[in-house]
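Peer 1: sequence unknown, structure follows:
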């Protein structure tokens with residue numbers, strides 16, 4: 001039997017990798033690509049479950065899903081940390097390292 005490749009397996013894998021790398025971009029890029037990758041995974045997984053013998057690269061699809069989940073978690077944590085830092089130090093304070101040190105001393109009571 002001639003097996004086909006799943007239509008979005010490579011895209012899910014690439015989006016998972018970009019999601020992990022994208023967590024360094026304030027978390028926004030990683031969250032967006034992780035969600036897109038998981039939605040593409042859901043479509044391809046449903047297609048694979050209908051006829052598993054017809055498709056050959058299900059392992060790439062699963063690997064991409066795992067990478068999307070990891071990237072989504074890391075990006076979400078980074079996004080939450082950035083929002084907390086902005087709320088504590090302010091937008092202007094994020095660009096001034098001396099102001100951050102002063103605020104940290106105030107918070108720690110030193």
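Peer 2: Perfect, thanks for sending it. Quantities reported herein were computed from a predicted structural model and do not represent experimental measurements.
Peer 1: Please report the number of neighbouring residues for residue 16.
Peer 2: Other residues lying near residue 16 total 26 when counted by other CB atoms under 10 Å. All C-beta atoms are positioned from the backbone trio N, CA, C, and that covers glycine.
Peer 1: so how far is whichever strand or helix holds it off the chain centroid?
Peer 2: Using DSSP states H and E, residue 16 falls within helix 9-21. Distance of helix 9-21 from its chain centroid, counting by CA atoms, centre = their mean, to the nearest Å, is 9 Å.
Peer 1: Go through it and flag the buried ones.
Peer 2: For helix 9-21, a neighbour-count test (16 or more other CB atoms under 10 Å) marks 9, 11-13, 15-20 as buried.
Peer 1: What helices and strands are in contact with that helix?
Peer 2: helix 28-50, helix 58-89 (3 or more CB pairs under 8 Å, 6 or more residues apart in numbering; DSSP states H and E).
Peer 1: Would you tell me what the next helix or strand after the longest one is?
Peer 2: Past helix 58-89, heading to the C-terminal end, the next element that is a helix or strand (DSSP H and E) is helix 97-108.
Peer 1: which outside residues touch that following helix?
Peer 2: 88-89, 92-94 (CB atoms under 8 Å, 6 or more residues apart in numbering).
Peer 1: Report the angle between that helix and helix 58-89.
Peer 2: 80 degrees (axes from the mean of the first three to the mean of the last three CA atoms, to 10 degrees).
Peer 1: Let me see the mean pLDDT of stretch 63-75.
Peer 2: Averaged over stretch 63-75, pLDDT sits at 97.
Peer 1: swap that for stretch 10-20, sorry
Peer 2: Mean pLDDT, computed over stretch 10-20, is 97.
Peer 1: What lies in contact with that stretch?
Peer 2: 29-31, 33-34, 36-37, 40-41, 44, 57, 60-61, 63-68, 70-72, 74-75.
Peer 1: pLDDT weak spots in this protein?
Peer 2: 1 (pLDDT under 70).
Peer 1: can you do 50?
Peer 2: By pLDDT under 50, the chain has no low-scoring segment.
Peer 1: still on that earlier bit, format the helices and strands packed on helix 9-21 as TSV; extra columns: mean neighbour count and distance to residue 100.
Peer 2: Converted to TSV, those look like this (neighbours: other CB atoms under 10 Å; distance: least, CB to CB, whole Å):
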stretch	mean neighbour count	distance to residue 100
helix 28-50	18	22
helix 58-89	17	6
